[in-house]
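K.L.:
Okay, sequence plus prediction incoming.
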Amino acid sequence: MTDVIRDVPVEIVVAVAENGVIGHEGDLPWRLPTDLKRFKTLTMGKPIVMGRKTWVSLGRPLPGRPNIVVTRDAAFTAEGAIVVNTVDAALATAQELARETGVSAVSIIGGGEIYRQTIDRTDTLYVTEVAAEVDGDTRFPDIDPELFEKVSEEPIPQGEKDSHAMNLVVWQRKSALR
């Protein structure tokens with residue numbers, strides 16, 4: 001792993017079921033419009049980094065944010081996004097874009113493999129805990145309490161169109177708290 005200049009904080013934004021599931025067959029295993037609004041607010045304007053499978057599941061670039069897609073497939077193209085072949089290249093590109101535009105952070109938005117490769121290089125985790133155990137084939141990596149400290153927790157009532165109640169938990173890298 002090469003070092004990336006990290007003068008802009010890196011954030012993970014994720015919704016996770018009680019059993020660690022974040023996805024099922026390339027889609028979200030729930031319907032949470034309340035959380036999607038929060039996701040948009042947290043990521044708007046920031047470079048967003050995602051894997052190819054997440055890009056494909058979205059079906060289009062998310063507006064108002066530079067979209068960066070990580071894939072090992074050198075022939076893969078994603079109209080409206082920057083395609084890179086490694087997480088290191090994605091983070092370097094995102095950091096550069098964030099510096100150029102003066103935004104506060106870079107957002108990692110999935111999926112499971114991208115989260116796994118970036119969690120140890122992340123400053124803040126915005127975790128929507130979904131009050132359910134769901135079937136799925138993609139999981140979020142365990143949060144290491146030696147590396148991260150829970151700094152806030154906010155219950156989110158189940159909205160009229162939400163399939164489940166939620167809890168927004170913010171974790172901060174311990175070294176960043178000092």
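P.N.:
That came through fine.
K.L.:
could you measure Gly51 against Thr34, distance?
P.N.:
Gly51 is 25 Å from Thr34, where distance means C-beta to C-beta, to the nearest Å. The C-beta positions use only the backbone N, C-alpha and C, and glycine is treated the same way.
K.L.:
between these two, which one's more packed in?
P.N.:
Set Gly51 next to Thr34 and count neighbours by other C-beta atoms under 10 Å: Gly51 wins out with 23 against 19.
K.L.:
is that one in a bridge, and if so with what?
P.N.:
Val70 (DSSP bridges).
K.L.:
Determine the three-state secondary structure at the spatially most central residue of the chain.
P.N.:
Centroid check for the chain by C-alpha atoms, centre = their mean gives Ile109 as the closest residue, at 2.4 Å. When classified by DSSP: H, G, I helix; E, B strand; the rest coil, Ile109 comes out as strand.
K.L.:
My guess is Val21 contacts Asp135. True?
P.N.:
Yes: Val21 is in contact with Asp135 according to C-beta atoms under 8 Å; the separation is 7.2 Å.
K.L.:
Pull up the overlap in contacts between those two.
P.N.:
Residues touching both Val21 and Asp135 (C-beta atoms under 8 Å, 6 or more residues apart in numbering): Pro29.
K.L.:
More neighbours: those two, which one.
P.N.:
Val21 (23 against 10).
K.L.:
tell me the strands in the protein, going along the chain?
P.N.:
In the chain, the strands defined using DSSP state E lie at 10-17, 21-23, 48-51, 67-70, 82-84, 106-110, 124-130, 138-139, 148-156, 166-173.
K.L.:
So which elements touch the first one?
P.N.:
I take that to be strand 10-17. Applying 3 or more C-beta pairs under 8 Å, 6 or more residues apart in numbering; DSSP states H and E, one finds that strand 10-17 contacts strand 21-23, helix 33-43, strand 106-110, helix 112-118, strand 124-130.
K.L.:
Now do the buried residues in stretch 60-76.
P.N.:
For stretch 60-76, burial by neighbour count (16 or more other C-beta atoms under 10 Å) applies to 61-62, 65-71.
K.L.:
between those residues, which is closest to Pro47?
P.N.:
Pro47 lies nearest to Pro66 out of those, by C-beta to C-beta, at 4.4 Å.
K.L.:
Tell me the predicted confidence for the closest one.
P.N.:
Turning to Pro66, the model gives it a pLDDT of 98.
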